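# Pasted the sequence and its predicted model underneath.
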Amino acid sequence: MSGKVYLVGAGPGDPGLITIKGRKCIEQADVLVYDRLVNPRLLDYAKPDCRLIYAGKKPGKHAFNQEKINETLVKLAKQGLVVTRLKGGDPFVFGRGGEEAEALVEAGIPYEVVPGITAAVAVPAYAGIPLTHRKTNSAVAIVTGNEDPLKGTSRIPWRELAGMRTLVFLMGLRNLPKICMRLMDEGMDAATPVAVIQWGTTPEQKTVIGTLETIADTVREQGIKHPSVVLIGESSTLRDKLQWVEQKPLFGKRVLITRPKHQAVYFAEKIEELGGEPYIFPVIDIVPPEDLSPLDAAIRDIGSYDWVIFTSVNGVNRFFDRLWENRKDIRSLAGVKIAAIGPKTRIAVEKRGLLVDYMPEEYVAEAVIEGMKEYGLAGKKVLLPRADIARKVLPQKLAEMGAAVDEVAAYRTVPGSGDAGKLVEMLEQGKIHIVTFTSSSTVHNFVAKLPEGRAAELLRNVTVACIGPITAATARELGLTVHVEAEEYTIDGLLQAILKYS
């Protein structure tokens, strides 16, 4: 039985520019065949058992040649698999998607094309350059830059192009001097404005401006590299007025989030709003405790407690999930007072239908202890459902105040599933600009992921941001330099501290 192939445009680099249908094709694929310019974050949408095949190309070095890619798509589909061919930009705009579609038709393989946002449109837009503008131009030509403009014969109508107001060249950086020379030879004014945008829509985006006569020298002096989009025409002069993405406070920053994936969504969205690119690398996962019997025993006897103190959202969620699994609900907590260590934890409790009786102004265990002194805990019974490796200061101090404390493991933190090899590669290449830690366990597990003894070296040029003093102290104990320490120990507080430092 034959499978099916989806030829999907992944967009120009910003993972948020994938289409809804394109993401769906990634999610349902048995095999994902992807290119060099596909943002690796898009691969996270694939099923856990999806086979990933890298078929990237860069100048002078191809993982697969085009014929091999065509053969691979046909072979996989004939095995009855759903294959998503994920291509940068749009598959039918200089993406050789037409050749792949022809190969599939000839082999009798059903396929669909899912258009993507082409770099020809998106990259200038992210640089603040409109392709069309009523005052400057009403037509645009999109041209391949791979063809040598000085060769004897050409399929490109250079004379006609020289008479147009706006030209966009894709893959044209290597031939840029020849492109400019040919256009001037055909009559285009040497003073025509030109913009070259490197790695558009990503944190590595960089734009240089010049003219047909000067841009090649400017590109060389500024060290502009592949991939780059070249825009020739008057509309590039609007950049100074219309640039927008560079104005965002975290533009150009790739921010590593070490939290579990299910907890990273809010943080990632905020980073994107601020112009940064979040890179989720979960160094911890949250799982049930190895022995649930202490938690179950506390739940069965929940009415005997005077206080339940929650120190994290994870503790809240695991406690109430287990409450339900024990066939109990919030009525079981009638008369039990609730304390929460911070606003997110309080909100998690309130979502379960209970009001919080006490929350300290500072979101650490020490503040809980100080604040609860006025409640007279002597002789009171207190339940602490929390992580198996939580600090002991809270139960110890509560016991010193005369409380009978039952500390039970509601969850465990275990090493996360992030690809350590990929992390090291990105750090070595300078592609991570900020690393965030939201607990001591994230610091411990992050350092454990790195080659022994190399953590400080790999983070030498990286901003290290910690959610509070306890986490920061752990980072320093492990040899890291802490640059940012939030004054408010929340995700929003951490973001504010990063912005202040940046």
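Okay, I see it.

# shouldn't Leu274 be in contact with Pro249?
Yes - with contacts counted by C-beta atoms under 8 Å, Leu274 reaches Pro249, the gap being 5.3 Å. Placement of C-beta: from N, CA and C, glycine included.

# Which one's more surrounded, those two?
When neighbours are counted by other C-beta atoms under 10 Å, Leu274 and Pro249 differ, and Leu274 comes out ahead with 18 against 14.

# residue contacts, the more buried one?
Taking C-beta atoms under 8 Å, 6 or more residues apart in numbering, we find Leu274 in contact with Lys248, Pro249, Leu250, Leu495, Leu499.

# So which of these sit within helices?
Under the assignment DSSP state H, those contribute Leu495, Leu499 to helices.

# can you list the contacts of Leu274 in JSON lines and add distance to Met372 and pLDDT?
Below are these laid out as JSON lines (distance: C-beta to C-beta, whole Å; pLDDT from 0 to 100):
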{"residue": "Lys248", "distance to Met372": "42", "pLDDT": "96"}
{"residue": "Pro249", "distance to Met372": "38", "pLDDT": "97"}
{"residue": "Leu250", "distance to Met372": "38", "pLDDT": "97"}
{"residue": "Leu495", "distance to Met372": "29", "pLDDT": "97"}
{"residue": "Leu499", "distance to Met372": "33", "pLDDT": "97"}
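
# so which of the contacts of Leu274 comes closest to Gly335?
In terms of C-beta to C-beta, no member of the contacts of Leu274 lies closer to Gly335 than Leu495, at 38.5 Å.

# follow-up on the earlier one: so which of the contacts of Leu274 is the closest to Cys50?
Leu250 (30.8 Å).

# what about that closest one, how many neighbours?
23.

# Contact partners for the nearest residue to it once chain neighbours are set aside?
Distances taken as C-beta to C-beta, 6 or more residues apart in numbering put Gly276 closest to Leu250, at 3.3 Å, once the chain neighbours are dropped. Listed by C-beta under 8 Å, 6+ apart, the contact set of Gly276 reads Pro203, Lys248, Leu250, Phe251, Lys253, Arg254, Val255, Ile434.

# same check, this time on Lys68
Counted by C-beta under 8 Å, 6+ apart, Lys68 has contacts Ala55.

# Can you give the domain ranges for this structure?
The chain breaks down into these domains under automatic domain parsing: 4-117, 121-243, 254-283+416-501, 287-414.

# Endpoint to endpoint, the third one covers what distance?
The separation between the terminal residues of domain 254-283+416-501, taken as C-alpha to C-alpha, to the nearest Å, is 15 Å.

# overlap in contacts of Leu274 and Pro249?
Residues touching both Leu274 and Pro249 (C-beta under 8 Å, 6+ apart): Leu499.

# and stretch 152-169, which residues are buried?
Trp158, Leu161, Ala162, Met164, Arg165, Thr166, Leu167, Val168, Phe169 (16 or more other C-beta atoms under 10 Å).

# repeat for stretch 293-308
Leu295, Ala298, Ile299, Ile302, Tyr305, Asp306, Trp307, Val308.

# again, but for stretch 446-464
For stretch 446-464, burial by neighbour count (16+ other C-beta under 10 Å) applies to Phe446, Val447, Lys449, Leu450, Ala455, Leu458, Leu459, Val462, Thr463, Val464.

# Among those residues, which one lies nearest to Leu173?
Val462 (28.5 Å).

# quick revisit: please narrow the buried residues of stretch 293-308 to those residing in strands.
Those of the buried residues of stretch 293-308 mapping onto strands are Trp307, Val308, per DSSP state E.

# That's all I had, so thanks and see you.
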